[in-house]
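> Okay, sequence plus prediction incoming.
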Amino acid sequence: MKTLRRRSLAVGTSLALAAFSLLAAQAASATTRYAIPSGGATSGSCASWGSACTLQTALGVAASGDEVWVEAGVYKPTTTMDVTISFAVPPGVAVYGGFAGTETLLGERDPGANVTILSGDIDGDDTNSDGNHIDETTADIQGANSYHVVYLDGTGGTPITATTVLDGFTVTGGEANGGFPDYDGGGLYCDGSGFECSPTLSDLTFSGNSATDEGGAIANYTTNDGTISPSFTNVTFSGNSASYGGAISNYVGAQATSSPSFTNVTFSGNSAGGGGGGAISIYSDGGTSSPSFTNVTFSGNSASLGGGAIYTDAYPGSPPGTITASLANAILWGDSAPEIEFAIPTAATATLDHSVVASCPTGASCTNLVTADPNLGPLQDNGGDTETMALGAMSSAIDAGDDGSCPATDQRGAPRPQDGDGDNVAHCDIGAYEVDTTAPTVTVEQAASQADPTATSPIHFTATFSEAIDTGSFTGSDVTLGGTATGTLAATITQVAPNDGTTFDLAVSGMTASGTVIASIAADQLTDVALNGNAASTSTDNTVTYDIAGPAVVATSLQPTYVAPGPPSFTVTFSEPVVNPRGTSDPNDVTNPANYLLVEAGTNGTFDTTSCLGGVVTDDAQVPVAGVIYDSMSLTATVSLGGPLPAGTYRLFVCGTTSITDPAGNKLNGGTDSTFDFAVLAITEVPALGPAGLALLALLLAAGALVLLRH
């Protein structure tokens, strides 16, 4: 049994000053702050990518309710050699990594593609032979490194609760090798002494962090009635080391409580070189600790004292410490024996349900145990934002989990449950990894707001996948564009609501002539988080007509000359369909009487009216249009007047200037009027021609070729 000690609440001077400045900033209104890895401002509000700051500056101005968006790159707590300086996250602030530096929505980031590193290698000399700036093991640590890369201080009167978030980072190269509390928690120190430290920690990797005492990656610490209950979701711990708790130490002091939760978490290759808990050590010195582990994988962790995966030590003092751990759908395999060690079995217990372990640990209560080999693969990129250990063929963990306990997705984001064993019944797998061989399906349709036909570019389609895909790899080149519209067509991809990696806007531009535009996605262009290629897209309507040619008048029943009385109506035939909404008041409606301007020349004998837009001018007289009927089959409008036209000289304007349009919005004649001149002659204007002359006149009228005869 390790000798437990009661700790003071002291904090380093630099951290106390940082906490004071952060608390003072909380009066500011909630906003988003932006941080970039180089060239960031050291003052200001950090309120846009264009005015982005250093990460320390952004954290310094952030207040409760704010978000800090961090662009991909490497960030170190200081440019000096001061190992006591950490990234101090204020209470209530959510810090997100994984941005390219152009996003406007949180859901647009991609932590897997835009790796964002918080490194304790302040002097820049850690071993980096692979060039990724990540310490794979603590052997990579050289020279001066920060005691704690990240510090969460929940002791100052404002609690660290679930609204304090760290998400989308790799935390590496922390080296806690000082005095108390700087010999614990090389990657992150979470202090809830006398108050609370219960942050949300998700989509994180802790790699190559060390501590001379406890918690190579993370030290959770509380005493004096405090609380530490952080939640870990989709997190990987690898290559971390300490004397106790190679990855995590969870210490609960006098009358304090702790109930940390671990969901979809992988522990691999962590070590406790001087004591117990290769992955986790759990201590209770007069407090109560109740950690829970759901779909967690422990493998390849080691401890010199015991508990290759988990070590528990409850001190039987006054008051006595108690530990009650629960594990569901967990894998504990290939760690140093025993997988779970209870230093004082009477004060610490664990329950395991639907879990894979070689045998039930002594002192634990086990139900639905699976003791066969889970056939774990190596820790590697199997999709998603963090590395995982895949379940190989014939793994005992496949479809062996409790469906009622497993989360909706695995550590990568692959949906649960799935039919991994091919029996046509889906069940959750045990551990952080779910076998997923199902190709994502996708539909491509006209966007809901897309007009069809349209004269406007770009044309919008919506691609909807059956599950989240790798958003960082989705580009316009993955979209197949076809149809009859000519030009150099290209698609721009934008993720849209619900911003969960399933739904995208495809904006197609580059058309230079009218025609159809068709969008589709061929098979295996994209992958889901489990790296399955997509099935070819299906569609109900993925075709949009691009129409930039306006309609024209191709015929009219008007004749150049009539003998009074003139026609009471006439027809106008168009080259293509034109707009005919319900009613007759729409300005673009082919049946709107205002779109037919008929004028009679006045006493000056000329037409002074020049367009529908200009209206009737000087001594021209407008002839009222009584109504218009449109036949969409023949594309013909029948225009009715109030009665037959009397003798006179007339001009008809079919309005394009005000204007009749086609369904794509193109104006008649490109925005100009069609005009037709004709005359209605009084009978006195026709000479006495006799029977033969009248017969000739009838033929000429029928042919529309009469030349006006005047006395």
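That came through fine. Numbers count the residues shown, from 1 in each chain.

> Tell me the buried residues in stretch 43-50?
Residues of stretch 43-50 classed as buried under the neighbour-count rule (16 or more other CB atoms under 10 Å) are 46, 49. C-beta coordinates here come from the backbone N, C-alpha and C atoms, glycine included.

> Going forward, the N-terminal residue is numbered 659.
That works, and once the first residue is 659, the last one we named lands at stretch 701-708.

> Figure out the length between the terminal residues of that stretch.
13 Å (CA to CA, to the nearest Å).

> Equivalent analysis for stretch 1216-1226, please.
11 Å.

> Show the average pLDDT along that stretch.
Averaging pLDDT along stretch 1216-1226 yields 96.

> Tell me, how many residues neighbour the closest residue to G1140 other than its chain neighbours?
In space, and not counting its chain neighbours, G1140 is closest to I1176: 4.3 Å by CB to CB, 6 or more residues apart in numbering. Other residues near I1176 come to 18 when the count uses other CB atoms under 10 Å.

> quick one: least confident helix or strand in this structure?
helix 671-682 (a mean of 37; mean pLDDT, DSSP states H and E).

> rewinding a little: which strand residues bridge the residue nearest to G1140?
G1140, T1201 (DSSP bridges).

> For it, list the residues it contacts.
The contact partners of I1176, by CB atoms under 8 Å, 6 or more residues apart in numbering, come to 1139-1141, 1200-1201.

> Swap in 10 Å and give it another go.
With contact set as CB atoms under 10 Å, 6 or more residues apart in numbering, I1176 has these partners: 1102, 1119, 1138-1143, 1147, 1166, 1197, 1200-1202.

> With neighbour count, distance to S1290 and pLDDT as added columns, please give these in CSV.
As requested, these are exported to CSV (neighbours: other CB atoms under 10 Å; distance: CB to CB, whole Å; pLDDT from 0 to 100):
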residue, neighbour count, distance to S1290, pLDDT
V1102, 22, 30, 98
F1119, 30, 27, 98
T1138, 15, 34, 98
L1139, 20, 31, 98
G1140, 13, 28, 97
G1141, 19, 24, 97
T1142, 13, 23, 97
A1143, 24, 24, 97
L1147, 23, 30, 97
V1166, 24, 29, 98
S1197, 17, 27, 98
N1200, 22, 25, 98
T1201, 17, 21, 98
V1202, 23, 21, 98
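
> What segments of the protein are helices?
Using DSSP state H, the helices of the chain run over 671-682, 713-719, 1348-1361.

> Point out where the stretch 1209-1358 of the chain drops to low pLDDT.
1343-1358 (pLDDT under 70).

> 80 instead, please
For the stretch 1209-1358 of the chain, the stretches flagged by pLDDT under 80 are 1342-1358.

> At which residues are the strands of it located?
With strands called from DSSP state E, counting those that start in this stretch, the stretch 1209-1358 of the chain shows them at 1211-1214, 1219-1221, 1227-1232, 1254-1258, 1279-1281, 1283-1289, 1294-1299, 1306-1312, 1332-1339.

> Just tell me which of the ones you listed ends up closest to S1172.
strand 1227-1232 (15.9 Å; CB to CB).

> residue boundaries of the strands in the stretch 1009-1158 of the chain?
1014-1015, 1022-1025, 1034-1038, 1046-1049, 1100-1104, 1117-1123, 1138-1140, 1145-1153.

> right, and L1147 touches A1177 too?
Yes. Counting by CB atoms under 10 Å, L1147 does reach A1177; the two are 9.3 Å apart.

> can you list residues touching both of those two?
Common neighbours of L1147 and A1177 (CB under 10 Å, 6+ apart) are 1117, 1137, 1139-1141, 1166.

> if we can go back for a sec, hey, which of the strands of the stretch 1209-1358 of the chain is tucked in deepest?
The highest mean neighbour count among the strands of the stretch 1209-1358 of the chain belongs to strand 1254-1258 (a mean of 22), with neighbours defined as mean count of other CB atoms under 10 Å.

> burial of P1226, as a residue count?
12.

> about what we covered before: I'd like the strands of the stretch 1009-1158 of the chain as JSON lines, with distance to S851 appended.
Conversion of the strands of the stretch 1009-1158 of the chain to JSON lines gives the following (distance: least, CB to CB, whole Å):
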{"stretch": "strand 1014-1015", "distance to S851": "34"}
{"stretch": "strand 1022-1025", "distance to S851": "30"}
{"stretch": "strand 1034-1038", "distance to S851": "34"}
{"stretch": "strand 1046-1049", "distance to S851": "34"}
{"stretch": "strand 1100-1104", "distance to S851": "51"}
{"stretch": "strand 1117-1123", "distance to S851": "46"}
{"stretch": "strand 1138-1140", "distance to S851": "60"}
{"stretch": "strand 1145-1153", "distance to S851": "42"}
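
> Pick out whichever of the shared contacts of L1147 and A1177 sits closest to T1007.
For the shared contacts of L1147 and A1177, the nearest to T1007 is V1137 (56.2 Å; CB to CB).

> Next one: that closest one from V747, what distance?
V1137 sits 40 Å away from V747, going by CB to CB, to the nearest Å.

> do V1102 as well
V1102 is 41 Å from V747, by CB to CB.

> which residues does the closest residue to S1063 other than its chain neighbours contact?
Counting by CB to CB, 6+ apart, the nearest residue to S1063 once its immediate chain neighbours are dropped is A986, at 4.3 Å. By CB under 10 Å, 6+ apart, the contact list for A986 reads 950-954, 1009-1013, 1025-1026, 1059-1060, 1062-1064, 1088.

> Which strand residues bridge A986?
T952, D1011.

> Likewise for V829?
Beta-bridge pairing for V829 (DSSP bridges): L776, F864.
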